[in-house]
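K.L.:
Kindly return the folded structure for what I paste below:
(chains A and B)
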Amino acid sequence: MTDIPISHILFVSTALFFIGMYGLFTRRNMITMLMSIELILNSVNINFVVFNKYLYPDKLDGIFFTIFIITIAAAEAAVAIAIIINLYRSHRSIDVETAEEMKY
Amino acid sequence: MNYASYIALIPLLPLAGFVLLGIFGRKYFKNSSGIIGTGLLLISAALSIYTAYNYFFVDGKVVNAIQGSSGNGAVLSDSYQTITAIKFTWLSFSENVSIDMGIILDPISVMMLVVVTFVSLMVHIFSLGYMKGEERFATYYAFLGLFTFSMLGLVVSSNLFQIYMFWELVGVSSYLLIGYYYDKPSAVAASKKAFIVTRFADLGFLVGILILAFYGETLDFNTLITNLTSQQSSQFLAITTASFVGVSALTWGLTLVFVGGAGKSAMFPLHIWLPDAMEGPTPVSALIHAATMVVAGVYLVARLFPLFTITPVSLSIVTVVGIVSAFLAAIIACTQTDIKRVLAYSTMSQIGYMMFALGVSGYGGENGLGYTASMFHLFTHAFFKSLLFLGAGVVIHFIHSNEMKDMGGLRKYLPITNLSFLVACLAIAGIPPFAGFFSKEEILLAAYNSNKIVYLVALITSGLTAFYMFRLYFSIFWNKKTEVHDHHGEGPFSMKLPLIILGICSILAGFIPFGDYVSSDKTAMESHFNLMFSLPPVGIGVIGILLAMWMYKRESNKANKISQSLGGLYKAAYKKFYIDEIYLFITQKIIFNLIGRPAAWIDKNIVDGLMNGIANTTASVSGFIKGIQSGKVQSYAIYFFGGIVALAIVFLYLWK
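P.N.:
I've put the predicted structure just below:
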């Protein structure tokens, strides 16, 4: 089995990161924004796993990090969706621009 | 005899009444609060009388060797000692500087204990009927308790600071009670006026205390007097050599203390609050503005009397202020038509008597006659003046008006009031054998011995007193017939009982050999009685009464004719010699314009301007930067990301 060069995988993760970033900045729908954040998190996960695998194959630190991030992402998604539902109840919309008044 | 076991209860019981009724009265003791307050005061009064008995007849007297007045050797004499019943340190700042609280018993404080508790008890009983059905009945009794507590604390004070504290407490309770009918604008104005005028005077008092305490190196009365009266002590030298504008610090201190006393005692020219204070309920006027609080100034001068005797200047100020107040108030009283105001000016006049009696007095032996006379007059005046006020209270309760023109011919409706009012009028006019005769006689004798002019003015004043009191009496109880529908008669028994008791006291109080108990150096003093001397005052009193009878006994317009023929003088007296107007002119035109407005301008433009400037700067800066906080989550994310990128660039490439 020939190893896939590390640069390929990093390229995928960078692409994933910027796709997520783009989605986060341009979408107005909160659910989509949440999904974009998941993309960003996953790109980070890929980075952790890849660096762990290629640089320190005898250690598991990066993988643990990834597991933690996945766990926290799940929790974060729960909280975010609760917020979104409440926002929907009060504003009848999940457009992020309608929540602007919450700055006060 | 151990006084400490119960003496503290005398002031503390009314305080307990105040706390109890003040907190729970309106809810739980709506109807029984009067009984509770009166009951507590009854115990207090009984204890005071017991104390007085013990002090004067059992163990107050000590036989001691004192230096004879000529200075050649010691003579044996028995005198009343000063007992410090309770003393504890209240505030201790350092080892040498501390403020004590204490109770001292000496002839005048014991006498005052009896007077205050007794009159207060009478007023409590009277109010049971008079104030019945008031919305704030419990509050009224709470305030009465507070007043009684403060007044008792004042008279037994062992040091200057304690007396000052209670002095202010008395002022506060007076303020509360004058403003008792707080929905009446005139009552509110009167209470404010009383408070501000007396506070203004108390400023003098405070400065005086500070001067005396600084040089005397103590606050305690006895130590202070010992320190400052002995000619050799370092404190005496310090206070007499230090001077300001050519007057020694001792004179300044005492004069300023007297200013405080004059304010509380409504002496000219600080008397303006007293007539207005009559806006309070009538029993309150009887208690506070006739019998007890207003004599606090006299009491204060008497308390520091040994110091006053070594300062002739201060003492002559006391004399002049006293005699001027006595005379002026008597003239004004002749023209007033509100019966309570007549009584108020009469109070001021009588307190003037007490003041100048102190002023003409010397220290010790025969010279101390004025001191004894003053205290004696204070004692008898408390009875007949509170009787007059309570009588006026019955009349007002009956007629529902304060104005003389609404009254007349009431003797048929109010027989007991009529009789007791007559007794009190005779007493204040100085007709023997009523109480006022004896005390006024001694005052006049003291004045005669020391200063003939004072004596003359006092004599005229005594004639005026008789005239205006009987003007009042005849206008209320004789004169024209008033049609009244008699719906509640003279009032309940609780209103008649104090009148009867005080009436008996007004007859009998004069026979007490007062000089045996109270004198300037606390030794017994013989009071001589001279028939020839007492003829002029009694004579002039009788003339005053007859004149009043001729003018007012039957309905006629003699009084109007006389007042018209007097013209401007009558008008000036009726307008109280425009003193109120002068005060208004000075405060509103001069002080407000010259000091108040510039101060307000500085406050508005400079002080406020500075603050507003700071606030405006902050506001404009925040207005400039607040656009960043747009509420758009995504723009925040861009800033965040931009920041991260910037930091990454800095750390990766530039931070080498």
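K.L.:
Could you check how many residues crowd around residue 52?
P.N.:
Let's take chain A. In terms of burial, A:Asn52 registers 19 neighbours under the definition other Cβ atoms under 10 Å in any protein chain shown. No exception for glycine: its C-beta is placed from N, CA and C like everyone else's.
K.L.:
I was after chain B.
P.N.:
Residues near B:Ala52, counting by other Cβ under 10 Å, number 20.
K.L.:
Spit out the contact partners of it.
P.N.:
Taking Cβ atoms under 8 Å, 6 or more residues apart in numbering or on different chains as the criterion, B:Ala52 is in contact with B:110-111, B:113-114.
K.L.:
switch the cut-off to 7 Å
P.N.:
B:Ala52 sits next to B:110, B:113-114 when contact means Cβ atoms under 7 Å, 6 or more residues apart in numbering or on different chains.
K.L.:
would TSV of those residues with secondary structure and neighbour count be doable?
P.N.:
Compiled in TSV, the contacts of B:Ala52 are given as follows (DSSP: H, G, I helix; E, B strand; the rest coil; neighbours: other Cβ atoms under 10 Å in any protein chain shown):
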residue	secondary structure	neighbour count
B:Val110	helix	26
B:Leu113	helix	27
B:Val114	helix	18
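K.L.:
buried residues in the helix or strand harbouring B:Ile460?
P.N.:
B:Ile460 is part of helix B:452-477 when elements are defined by DSSP states H and E. Applying a neighbour-count criterion of 16 or more other Cβ atoms under 10 Å in any protein chain shown, one finds B:454-455, B:457-477 buried in helix B:452-477.
K.L.:
For it, the averaged confidence score.
P.N.:
The pLDDT scores in helix B:452-477 average 86.
K.L.:
swap in stretch B:195-207?
P.N.:
So the average pLDDT for stretch B:195-207 ends up being 89.
K.L.:
and that stretch, how far from the chain's centre?
P.N.:
Taking the mean of its C-alpha atoms, stretch B:195-207 sits 12 Å from the chain's own mean (Cα atoms, centre = their mean, to the nearest Å).
K.L.:
Any buried residues in that stretch, and which?
P.N.:
Of the residues in stretch B:195-207, those scored as buried under the neighbour-count criterion (16+ other Cβ under 10 Å) are B:195, B:197-198, B:201-202, B:204-207.
K.L.:
Which of these fall within strands?
P.N.:
When the buried residues of stretch B:195-207 are checked against strands (DSSP state E), there are no matches.
K.L.:
Name the nearest of the residues you listed relative to B:Ile317.
P.N.:
Sorting these by distance to B:Ile317 puts B:Gly204 at the head of the list, at 12.0 Å, by Cβ to Cβ.
K.L.:
which one is that closest one nearest to, not counting chain neighbours?
P.N.:
Distance criterion Cβ to Cβ, 6 or more residues apart in numbering or on different chains; nearest residue to B:Gly204, sequence neighbours excluded, is B:Val259 at 3.2 Å.
K.L.:
need the contact list for that neighbour.
P.N.:
B:Val259 makes contacts with B:201, B:204-205, as judged by Cβ under 7 Å, 6+ apart.
K.L.:
and what of B:Ile443?
P.N.:
With contacts defined as Cβ under 7 Å, 6+ apart, B:Ile443 is in contact with B:353, B:357, B:373-374, B:377, B:458.
K.L.:
interface residues of chain A facing chain B?
P.N.:
Remark: the part of chain A in contact with chain B comprises A:21, A:24-25, A:96-97, A:100-103, using Cβ under 7 Å from any Cβ of the partner chain.
K.L.:
Pull the most distant pair out of the residues you listed.
P.N.:
Checking these against each other with Cβ to Cβ, the farthest-apart pair comes out as A:Met21 and A:Glu101, at 26.2 Å.
K.L.:
Between these two, which is the more surrounded one?
P.N.:
Between A:Met21 and A:Glu101, counting by other Cβ under 10 Å, A:Met21 is the more crowded of the two (18 against 8).
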